[in-house]
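> sequence and predicted structure below; questions after.
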Amino acid sequence: MIKVFTFVLLSTLCIHTTKSQNIIPIDTTHWEINAQSYVLENFKGKDAIYIQRGLAYLKDTKFLNGTIEFDVYLTERQGFPGVRFRAVDRSNMESFYLRAHLPGKPDANQATPVINGVSPWQLYFGPRYSFPYDYNYDGWTHVKLVVNGRRAQIYLDYAKKPNLSWDLIREPREGEIAIGGGGASAMHYANFTINKNEYDIVDFKPIKRKPIEGLVPEWQVSDIFEEKQLDDITNLTKVVKSRKWGKMIQVEEGTAANIAREVILRDGTPRNTVFAKITFTSDKDQVKLFEFGYSDRVVAILNNNAIYKGTNRWRSRDYRYLGTVGLFDAIYLDLKKGENTLLLAVSEDFGGWLVTGKFSNPKGVTIK
């Protein structure tokens, strides 16, 4: 009886020791911490980091496929704690984060790529990239991420089935891992582990999104300039003529084209605006309805004449307005027979630098 008890006790200790050895200590030896503020402390029985407005990057480790796990202690305050992975640089990566202040809401969390420093959740939204979840504010929340090729899955609180399965947007490339998030509210993180040998994807059933039919498939975009140059409408022709052109962006998700694919938004200057252009021919003088979407602000210019100005920014229309992109605006274009040019001056703050559009009835119009 004593031998059996001893064997069980030793087995239990070995399992616990092995698990403990897999935990990567959260300290300045193992992590590069870039944050507004942070504290390393023992919190609720775990060695943790309390980090605000920033990320902690794991040093000397690259990640392609495998399993990442950690615990986070959530609060009801607005915050976006999560994990970044496959960071090929500090501006391009994949990410998953929790909207800890939105328990039970359809957008209680978010999977999204980061492309040239822009996290375009206003394009990658809906049940394809998020799920409702009732968060626990009285204990640790366990997050498990499994990545394999172009597929990823999230398990919260040791769920037996994945809470979310999604197709990764970026090409699979090895990169860094980081934990942390934005928002004013700090969160605690603990028990961080990686297993590069566990990458089994199970019951992979990502939600499919129905594409919008008839969209302009691609837009030509200019170089970046300051939004305030649009304030003086008499100066518009000069602003347009001074632009450099040549870059093309294509529709993604069957919804919109991502300007950040080709233009760097945050380059240390106040510039945040580009022209997105389409050129088309009309078989006669006619008026055509053009439905369009953008993020965050727009000025529409037809044949060198400004005809519309609008805002689709997060919270611009009410306190829960997300600013997601779709065909939510429309203008009547007074076309001349022959060639016409439509410019959309699109300005961005955050959430996705996006443009999209279609002719409600394209008869008699040919896009070049």
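Here it is on my side, so go on. Note that the coordinates shown come from a computational prediction; the quantities given were computed from them, not determined experimentally.
> quick one, what contacts the residue lying closest to residue 102 once chain neighbours are set aside?
Closest residue to residue 102 apart from its sequence neighbours, by CB to CB, 6 or more residues apart in numbering: residue 108 at 4.8 Å. Any C-beta I mention is one placed from the backbone N, CA and C, and that applies to glycine too. Counting by CB atoms under 8 Å, 6 or more residues apart in numbering, residue 108 makes contact with 98-99, 102, 130-133, 135.
> how far away is residue 108 from residue 131?
7 Å (CB to CB, to the nearest Å).
> swap in residue 257?
26 Å.
> more neighbours: which of these two?
residue 257 (27 against 20; other CB atoms under 10 Å).
> was I right about the more buried one contacting residue 277?
No: in this structure, residue 257 is not within contact of residue 277 by CB atoms under 8 Å, at 11.7 Å.
> name the residues contacting each of those two.
residue 219.
> now the helix or strand containing residue 67: average pLDDT?
According to DSSP states H and E, residue 67 maps onto strand 66-73. The average pLDDT within strand 66-73 is 98.
> strand partners (parallel or antiparallel) of the host helix or strand of residue 178?
Assigned by DSSP H and E, residue 178 belongs to strand 176-181. As defined by DSSP bridges, the strand partners of strand 176-181 come to strand 46-58 (antiparallel), strand 82-89 (antiparallel).
> got the buried residues for the longest one?
Buried positions in strand 46-58, judged by neighbour count with 16 or more other CB atoms under 10 Å: 46, 48-58.
> tell me which two of the residues you listed sit farthest apart.
46 and 53 (21.8 Å; CB to CB).
> per-residue confidence at the closest residue to residue 214 other than its chain neighbours?
Residue nearest to residue 214 in three dimensions, not counting chain neighbours: residue 358, with 4.5 Å by CB to CB, 6+ apart. On pLDDT, residue 358 comes in at 98.
> cool, and residue 320?
Looking at residue 320, the pLDDT reads 88.
> could you pull up phi and psi at it?
phi -110, psi 10 (degrees, to the nearest 10).
> next, count neighbours for it.
Using other CB under 10 Å: residue 320 sits among 10 other residues.
> over to residue 236?
Neighbour number of residue 236 under other CB under 10 Å is 18.
> how far away is it from residue 345?
Taken as CB to CB, the span from residue 236 to residue 345 is 9 Å.
> show me the common contact partners of the two, please.
With CB under 8 Å, 6+ apart as the test, residue 236 and residue 345 both reach 230, 301.
> quick revisit: could you export the strands paired with strand 176-181 as TSV, including distance to residue 119?
Listed next are the strands paired with strand 176-181 as TSV, based on distance: least, CB to CB, whole Å:
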stretch	distance to residue 119
strand 46-58	12
strand 82-89	10
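> tell me which of the ones you listed lies nearest to residue 319.
Taking the strands paired with strand 176-181 one by one with CB to CB, strand 46-58 is closest: 21.9 Å.
> which of the residues in stretch 208-225 are buried?
212, 215-216, 219-222, 224-225.
> identify the residues contacting that stretch?
Contacts of stretch 208-225 (CB under 8 Å, 6+ apart): 126, 128, 239, 243-251, 253-255, 257, 259, 262-265, 267, 271-278, 326-327, 355-359, 362, 367.
> make it 6 Å
128, 243-245, 247-251, 253-254, 257, 259, 262-263, 271, 273-278, 355-358 (CB atoms under 6 Å, 6 or more residues apart in numbering).
> now that stretch: average pLDDT?
97.
> what ranges do the strands span in the stretch 151-300 of the chain?
Along the stretch 151-300 of the chain, counting by DSSP state E, counting those that start in this stretch, strands occupy 151-156, 164-167, 176-181, 187-195, 218-221, 247-252, 256-258, 273-282, 286-295, 297-302.
> looking at these, which is buried most?
Neighbour counts (mean count of other CB atoms under 10 Å) averaged over each of the strands of the stretch 151-300 of the chain peak at strand 256-258, with a mean of 28.
> pLDDT weak spots in the chain?
Low-confidence segments of the chain (pLDDT under 70): 1-21.
> quick one: the helices in the chain?
Ranges of helices in the chain, per DSSP state H, are 2-22, 236-241.
> just the C-alphas of the last one, formatted as PDB.
What that stands for is helix 236-241. Coordinates of each C-alpha in helix 236-241 appear next as PDB, following Å, rounded to 0.1, in the frame of the first residue of the first chain:
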ATOM      1  CA  LEU A 236      -8.400  70.600 -54.900                       C
ATOM      2  CA  THR A 237      -7.100  70.400 -58.500                       C
ATOM      3  CA  LYS A 238      -3.600  71.300 -57.300                       C
ATOM      4  CA  VAL A 239      -3.800  68.600 -54.600                       C
ATOM      5  CA  VAL A 240      -4.800  65.900 -57.200                       C
ATOM      6  CA  LYS A 241      -2.200  66.900 -59.800                       C
END
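> how close does residue 181 get to residue 343?
Separation of residue 181 from residue 343 (CB to CB): 36 Å.
> any chance of the buried residues of strand 46-58 in CSV, plus distance to residue 94?
Shown next, in CSV, are the buried residues of strand 46-58 (distance: CB to CB, whole Å):
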residue, distance to residue 94
46, 26
48, 24
49, 22
50, 25
51, 20
52, 23
53, 21
54, 18
55, 14
56, 17
57, 14
58, 15
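> return the member of those nearest to residue 300.
Using CB to CB, the shortest approach to residue 300 within the buried residues of strand 46-58 belongs to residue 53, at 35.6 Å.
> skipping adjacent residues, who's closest to the closest one in space?
residue 36 (3.8 Å).
> can you check residue 51 too?
Per CB to CB, 6+ apart, closest to residue 51 is residue 38, 4.4 Å.
> quick check: the gap between that neighbour and residue 117.
22 Å.
> neighbour count: those two, which is higher?
For residue 38 versus residue 117, neighbours defined as other CB under 10 Å are more numerous around residue 38 (21 against 15).
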